[in-house]
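K.L.:
Mind folding the following:
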Amino acid sequence: MMCALGELIQPRFRTIQKGFLTVMKNSPFLAAILVLAFAPGLLLAQQPAAHPSAKVAALAPGERIANLDTFKSQLRQYHECTCTCGCYSKDLDLQADRAIANLRQRAAHRRPQEKLALILDIDETTLSNYQEMTKADFTYDSKTFNAWVETAQAPAIAGTLRLTREAQRLGVSVFFLTGRPEAQRDVTERNLRDQGFQNWQQLILRPPAQASATALAYKSAARAGIAAQGYTLVLNVGDQWSDLKGTPEAEFSVKYPDPYYFIR
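P.N.:
Predicted coordinates for the structure are as follows:
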């Protein structure tokens, strides 16, 4: 797999590339759609080898897409490999280190009485649901996923734990902003505490009135609420573009890699 699948962005100065497909979380075909961006050479994987003298008719577009099982295998390899380049854990650490470096720089230039806020998504940013995803073979069923959430067993993403501890050392308030519903507050708090996250400023979950809103609209409104409390949004970290874009945006945003699903 290619190195550094995570992306670092400065949202006020960089235009996000157009043309992303809008798909629902963990669609059965989602892995195939997303991994195409990382492994374009696989487009020809299913083309048959032609005899030198044979005349081969043009293939239908679907024949140029690699088998879905191939993509799922690559997702597992990306997550489970341990080399120093091109592995999920390495890419996560790289992005977390960049976030920490920026936070330190910004905190050093804090204005008198300025309240600084770090905003963190939860799923695939703070806590990992990879165990549930692989058990479900990268498909999504809300009942199965919610049952997993209720176990409160999602492990921490190590780089994010380092980031939150550094933020608190620097006097930066930590806000968790998740698309999980309000009904999962208690189990989410327990999972966070069990994984070493402590003393956050606020945990924001999706209220029933926002159930039909897109993630982009819901999270934008929630960030506006944080700003309305007098905080400067200095850093936002998430695994989806919908975690980071919208108004208001943080001064600096870091996107973690997530080839497993895409949320609009």
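K.L.:
Give me the neighbour count for Gln105.
P.N.:
Using other Cβ atoms under 10 Å, Gln105 has 11 neighbouring residues. Any C-beta I mention is one placed from the backbone N, CA and C, and that applies to glycine too.
K.L.:
can you tell me how far it sits from Tyr78?
P.N.:
Per Cβ to Cβ, to the nearest Å, Gln105 is found 30 Å from Tyr78.
K.L.:
again with Ile100
P.N.:
Counting by Cβ to Cβ, the gap from Ile100 to Tyr78 is 23 Å.
K.L.:
Neighbour count for those two, which is higher?
P.N.:
Taking neighbours as other Cβ under 10 Å, Ile100 and Tyr78 compare with Tyr78 leading, 22 against 19.
K.L.:
Remind me which helix or strand that one belongs to.
P.N.:
Tyr78 belongs to helix 68-80 when assigned by DSSP states H and E.
K.L.:
From the contact counts, what lies against the helix or strand that that helix is followed by?
P.N.:
Going down the chain from helix 68-80, the next helix or strand is helix 88-108, by DSSP H and E. Applying 3 or more Cβ pairs under 8 Å, 6 or more residues apart in numbering; DSSP states H and E, we find helix 88-108 packed against helix 68-80, strand 115-120, helix 158-169, strand 231-238, strand 252-255.
K.L.:
List of residues touching helix 88-108?
P.N.:
3-6, 8, 78-84, 116, 118, 157-160, 162-163, 166-167, 170-172, 234-235, 237, 251-252, 254-257 (Cβ atoms under 8 Å, 6 or more residues apart in numbering).
K.L.:
which of these count as buried?
P.N.:
Buried residues within these, counting neighbours by 16 or more other Cβ atoms under 10 Å: 5-6, 78-79, 116, 118, 157, 159-160, 162-163, 166-167, 170, 172, 234-235, 237, 251-252, 254-257.
K.L.:
circling back to that earlier point, adding mean pLDDT, write the helices and strands packed on helix 88-108 out as JSON lines.
P.N.:
Output for these, formatted as JSON lines (pLDDT from 0 to 100):
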{"stretch": "helix 68-80", "mean pLDDT": "94"}
{"stretch": "strand 115-120", "mean pLDDT": "98"}
{"stretch": "helix 158-169", "mean pLDDT": "98"}
{"stretch": "strand 231-238", "mean pLDDT": "98"}
{"stretch": "strand 252-255", "mean pLDDT": "98"}
